[in-house]
Each structure stands twice: as structure tokens, then as C-alpha cells.
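# can you look at this prediction? I've put the sequence above it.
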Amino acid sequence: MSLTILLPALTSLFALVFSVLLFDQWRERRRAYQLIWAIGMLFFGIASGCEFLAASSHWSEPLYRIWYLTGAVWTAGWLGLGTAFLLGRTRFGYTFAFCLFLAGLFTLLTQRRYDYAGAGTSPSRPLECRSRPCGPCSVSATRRSGPSGPGRRTTSSTAR
């Protein structure tokens, strides 16, 4: 058995055992952060189990979706939420809650940024490749004299 199969299997096993231990700890002490961490570790164990299954056979679309959702999206969020609950009534917790409130407010206020009357649709490729084929996202900058003044730096606006 290779390490690409063994390591995800052991990681999944340990994460699931740790999740059960955290859940048991929550049943005795009833602290919210322990339950949240147990859920986060459960998601990490599921993601590691998906990686083990993929290494032992092959990746499929449902397996990849479960791995991505539980490992890349939910694990960090739930473990971070548990830490926020643990430190909730400290100076750090109040600062974190305030920063989270500001981030939510900023997101709420800027979500309709492109909704201006007569603005049209937003471009799908805002930077086009320029005159020479030097890479997928190259933008050529030139020095020129003319309406923008001698020696001022401007970007080329011509697309292919």
C-alpha cells in the first residue's frame, strides 16, 4: 500500500475518532464550540475519506464534489466558527465579531456594484492579450507623447 492511499486513510480514521471524542465531550460539558468543532472534524474526516477512495480507485464527479464541499469549504468554516465561539466573550471575540459585522455590512452594501442604469453587462475578459503573443494575460505598457503628455505611461487599449 502506497503512502498516497495510507495517509488519507489514517487521516480520515483519526479525524472521525477525534470527531466522536469531541461530540462525547460536548455531551458532558455542553459547550457550543465543542459541538461545532466536532462537526468540523466530521467534515474533515469525510473529505479525507473521499481522498482515500479516490487514491484507491479513481476520482468521480460526485466524489470530487463531496471532497471539495466538505474539505475545502466547510471544514475551515466550522473549525473557525468553533474558535470564534470559544473566544466569544474575550477582547479578541468582541473584535472578531465587530470585524465580521463590518465585513458583512461591506458585502451587503457592495453586492449590487455593477447594477447601474445604462451600464450594460460587465465584460467577461477585462484584459485582452495585446500585440505580441507573450502570455495569456499580457498587457503592454508604452511610453508615448501626445494628448496625454510627453513621457506619461499609458496602457494600450487595442484588442485583437
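Cool, the structure landed.
# all the strands of the protein, in order from the start?
Taking DSSP state E, the strands of the chain run over residues 141-144, 152-155.
# for those, which has the smallest mean pLDDT value?
Least confident of the strands of the chain, judged by mean pLDDT, is strand 141-144 with a mean of 44.
# separation between the residue lying closest to S2 once chain neighbours are set aside and I39?
Excluding the flanking residues, the one nearest S2 by C-beta to C-beta, 6 or more residues apart in numbering is A55, at 7.9 Å. C-beta here means a position set from N, CA and C on the backbone, and glycine is covered the same way. The gap separating A55 from I39 is 25 Å, by C-beta to C-beta, to the nearest Å.
# equivalent analysis for L6, please.
For L6, the distance to I39 equals 26 Å [C-beta to C-beta].
# what's the answer for A15, then?
From A15 to I39 the distance is 12 Å (C-beta to C-beta).
# list residues touching both of those two?
Counting by C-beta atoms under 8 Å, 6 or more residues apart in numbering, A15 and I39 have no common neighbour.
# now do the helices in the chain.
3-29, 32-56, 61-67, 75-86, 91-110 (DSSP state H).
# residue contacts, W37?
Applying C-beta under 8 Å, 6+ apart, the residues contacting W37 are L22, W78, L79, G82.
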